Each structure stands twice: as C-alpha cells, then as structure tokens.
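**Student:** pasted the sequence and its predicted model underneath.
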Amino acid sequence: MKIEVEEVRSRRELLRFIKFPERLYKDNPNWVPPLHSDELFTLGPGNPALDFCERACYLAVADGEIVGRVAAIVNRKSHELWGEKVVRFGWLDFIDDIEVLRALIGAVADFGRLRGCTSIKGPLGFSDLDKEGLLVEDFDVLAPFTVIYNHPYYGQRLEELGFVKDADWIQKMVEIPAHDVPRLEFTHLVEESFGLHTVKGGSMKQLSKRYGVEIFHLVNEAFSELYEYTPLSDRQIESYLKTYVPILNRDFVSLVVDSEDHIAGFAFCVPSLSRAFQKARGRLFPFGFIHILKALRKNDTVEALMIGVLPKYQGLGASALMFKELLDSCRKHGIVRILANPQLENNYKVQSIFDGFEFRPFMRRRSYVRTL
C-alpha cells in the first residue's frame with residue numbers, strides 16, 4: 001500500500017480531516033463525535049492560539065482513500081516557558097497500520113525540525129484546555145464528550161515507533177452521597193477563618209461580566225506549574241467565555257470569593273453531553289441542538305469541566321465550599337454522579353479534594369514523547 005501525506009490547505013480539506021474519524025469509529029458505541037463547528041474553529045485560522053502557535057494538519061491517503069490524520073503544533077510560548085523545543089502532535093487517528101502512523105509522525109517531525117524542535121510530544125493541543133492524552137485504559141465505556149477516545153492499538157503502535165510515557169492523566173467517577181461527607185460539615189469554619197464564601201444568585205451572563213476574566217487569570221496562576229501549561233492570552237480568554245457561558249447552568253457553577261469579592265476558587269460542571277453528541281453526529285443543525293438541549297435539561301450525570309483554587313487558598317477548604325454547594329444542586333436536579341475532569345496522576349493536591357467521597361477510577365490518558 002503506497003501512502004501519501006497531504007497537507008490540509010482549504011476549508012473543504014479541513015472538513016475531510018474532521019470527518020475522517022466518523023468512518024474509523026462508525027461501529028464503536030463508545031466514541032463521541034465532536035461538533036464540526038467546534039473543530040473548524042479550533043483548527044481554523046480564527047483560533048486566537050495562532051497568535052503564538054504554528055500548526056499544520058495532515059491527511060494520510062492510500063489508493064485515494066483517507067487512512068489517517070494528524071495535526072502538528074509548535075507553541076512558541078511553551079518553548080519560552082519550559083525551555084524546550086517541542087513539536088506537538090494532536091488530532092491523531094489512523095487505521096491499524098504501522099506504516100500509516102510512521103508517515104503521519106514523519107510529517108509532524110519534519111514540521112518540527114524546520115522550526116528547530118528537538119523532540120515530539122502528544123497528543124496535545126494548542127493549550128491545556130484542548131483535548132489531550134491518548135486513552136490507554138477503559139476502552140469499553142462511553143467516553144466523556146470533553147476528552148479523547150481512541151482505539152486500543154494507538155498506544156502500542158506509538159511505542160513501536162519509539163515513543164515512551166511522558167505524563168498520565170486519570171479521571172474519577174464520584175458518586176453523589178445522600179448526605180454530605182464529614183469534611184463538608186465544617187465549611188462554616190472556612191468562612192469564619194479565611195473570609196471565604198460562595199457567590200449566591202446572579203445569572204451566568206452577570207457572573208461572566210463580573211468574574212469571567214478574573215477566573216481565567218486564576219487558571220493561569222493555579223495551573224502554571226502543570227504539565228506543558230501555557231498561560232491563556234486575553235483573546236483566548238474572550239473566546240473561552242463565549243464558548244462556555246452559553247452551555248453552563250448556574251446551578252452547576254460554584255464560585256468562591258474572598259472578603260474583597262475576588263475569586264479564590266471555581267468549579268464548572270455541565271450535564272453529560274456524550275449521548276447527545278452521538279445523536280447529533282457532529283452537527284448542531286437541523287436537529288443536533290435539540291438533543292443537546294434535552295441533555296442539558298434532564299440528566300443523571302454531570303462532568304466537571306474545570307476546577308481551580310488560587311494557590312494561597314489551596315488546602316484551606318475552598319474546594320469544600322464549592323463541593324457542598326454543587327452537591328446540593330446535584331441532589332436537587334436528580335444527579336447521581338460527577339465525572340471529574342482529567343487530572344495529572346502526580347497532581348496530589350487536586351486529587352485530594354475527593355477524599356471522603358465514594359469514587360472509582362475512570363479512564364487513563366497518556367502523553368508520549370520521543371526525540372527527533
């Protein structure tokens with residue numbers, strides 16, 4: 001089989017790139033298709049991350065048929081912060097053929113070498129808020145709509161090409177207890193001792209206007225030491241606010257502020273949209289949005305999109321304030337479980353916030369690395 005790698009250079013070709021997994025996973029009940037509109041924005045010229053990133057998308061073609069895809073990304077801001085010259089690969093999908101993967105990785109490597117890179121890592125996106133990490137465990141459960149799902153052979157093939165583990169993310173499925181766990185019974189002491197309290201009332205539009213930018217500045221500070229994190233720019237923050245605010249239910253958003261009304265911590269949850277996205281088949285229109293609206297209104301599972309606490313308040317009970325509020329809302333809406341967002345396995349601070357809850361491990365993802 002002769003394999004040719006073609007760079008995506010038009011919107012039409014980008015749509016082919018985006019739609020390829022639909023054929024690759026057509027018989028897999030656990031894969032969740034992303035929305036075409038989201039992918040077109042993220043990979044298209046309007047993504048504000050391109051202010052400091054370069055990217056190229058590639059398709060592997062054999063006998064006139066697409067057999068694989070990959071995106072190559074060079075994040076100049078990351079190079080400056082982490083002192084390393086890395087080309088990232090993301091949006092990796094391919095048939096089970098090592099030569100297809102070799103050709104795709106070769107294209108990414110060439111892209112990186114031309115820009116002075118000395119190693120290759122992935123799957124990673126433009127920023128930490130993009131989907132990242134190859135699935136390496138729990139292939140037989142429905143994937144959250146916010147993360148990567150892939151066939152089991154992906155990791156094996158990457159290792160055959162010399163890639164090794166660089167970092168792992170793990171998730172937890174947390175059961176909603178009928179009553180608060182012991183450590184949530186003393187949140188009043190947190191309020192009295194540190195002047196922290198949750199924000200009551202207000203619509204999502206009002207909260208976004210008052211706290212939105214400040215929340216993402218907290219993200220930049222709280223996440224600064226995490227794996228490959230690069231601070232979000234003002235244009236990225238504006239873009240993420242436009243993306244998240246319309247789908248967030250005020251009852252599943254908890255904000256903790258200090259005595260001067262500055263953000264000390266936050267948690268964003270959203271009802272699971274995996275089944276709705278499957279029914280939408282990547283399209284909001286003409287009927288996809290109906291499935292999504294139904295899932296937002298009636299669900300038994302929420303996914304934690306992001307959780308963050310300002311470093312100076314970590315370990316002081318800010319997360320307990322948020323969890324108490326969110327658990328009350330979950331019980332009110334009939335939610336029985338929360339799926340935590342992916343967390344680095346060595347990020348013990350964030351993992352400790354689930355101490356006292358009944359949970360089970362749920363999926364593991366891995367970033368791989370190799371020298372060029």
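**Tutor:** Cool, the structure landed. Numbering: from 1, shown residues only.
**Student:** tell me the pLDDT at the most centrally placed residue in the chain?
**Tutor:** For the chain, residue 131 is the residue whose C-alpha lies nearest the centre (C-alpha atoms, centre = their mean; 4.1 Å). Looking at residue 131, its pLDDT reads 95.
**Student:** which residue, other than its chain neighbours, is closest to it?
**Tutor:** residue 148 (4.8 Å; C-beta to C-beta, 6 or more residues apart in numbering). Just so you know, the C-beta spots here come from the backbone N, C-alpha and C atoms, and that holds for glycine as well.
**Student:** show me where the stretch 101-250 of the chain has helices.
**Tutor:** 153-160, 187-194, 204-222, 234-244 (DSSP state H, counting those that start in this stretch).
**Student:** any buried residues in stretch 170-182, and which?
**Tutor:** Applying a neighbour-count criterion of 16 or more other C-beta atoms under 10 Å, one finds 170-174, 176, 180-181 buried in stretch 170-182.
**Student:** only C-alpha atoms, please: export that stretch in PDB.
**Tutor:** Output in PDB follows, covering the C-alpha atoms of stretch 170-182 (Å, rounded to 0.1, in the frame of the first residue of the first chain):
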ATOM      1  CA  ILE A 170      -6.600  10.000  35.400                       C
ATOM      2  CA  GLN A 171     -10.300  10.600  36.000                       C
ATOM      3  CA  LYS A 172     -12.600   9.600  38.800                       C
ATOM      4  CA  MET A 173     -16.300   8.900  38.800                       C
ATOM      5  CA  VAL A 174     -17.700  10.300  42.000                       C
ATOM      6  CA  GLU A 175     -21.000   9.100  43.400                       C
ATOM      7  CA  ILE A 176     -23.300  11.700  44.900                       C
ATOM      8  CA  PRO A 177     -23.700  10.800  48.600                       C
ATOM      9  CA  ALA A 178     -27.200  11.100  50.200                       C
ATOM     10  CA  HIS A 179     -25.600  13.200  52.900                       C
ATOM     11  CA  ASP A 180     -22.500  15.400  53.000                       C
ATOM     12  CA  VAL A 181     -19.300  13.700  53.800                       C
ATOM     13  CA  PRO A 182     -17.700  14.600  57.100                       C
END
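**Student:** need the contact partners of it.
**Tutor:** 144, 147, 324, 327, 330-331, 335-343, 345, 351, 354, 356-365 (C-beta atoms under 8 Å, 6 or more residues apart in numbering).
**Student:** which ones among those residues are found in helices?
**Tutor:** 324, 327, 330-331, 351 (DSSP state H).
**Student:** thinking again about what came up before, out of the helices of the stretch 101-250 of the chain, which comes closest to residue 127?
**Tutor:** helix 234-244 (6.7 Å; C-beta to C-beta).
**Student:** packing partners of the helix or strand just after that closest one?
**Tutor:** Per DSSP states H and E, the first helix or strand lying C-terminal to helix 234-244 is strand 253-257. In terms of contacts (3 or more C-beta pairs under 8 Å, 6 or more residues apart in numbering; DSSP states H and E), strand 253-257 is packed against strand 197-198, helix 204-222, strand 263-271, helix 318-332.
**Student:** rerun that using 6 Å as the cut-off
**Tutor:** Other elements packing on strand 253-257 under the criterion 3 or more C-beta pairs under 6 Å, 6 or more residues apart in numbering; DSSP states H and E are strand 263-271, helix 318-332.
**Student:** could you give the backbone dihedrals for the residue nearest to residue 131?
**Tutor:** When read as degrees, to the nearest 10, the backbone of residue 148 gives phi -80, psi 140.
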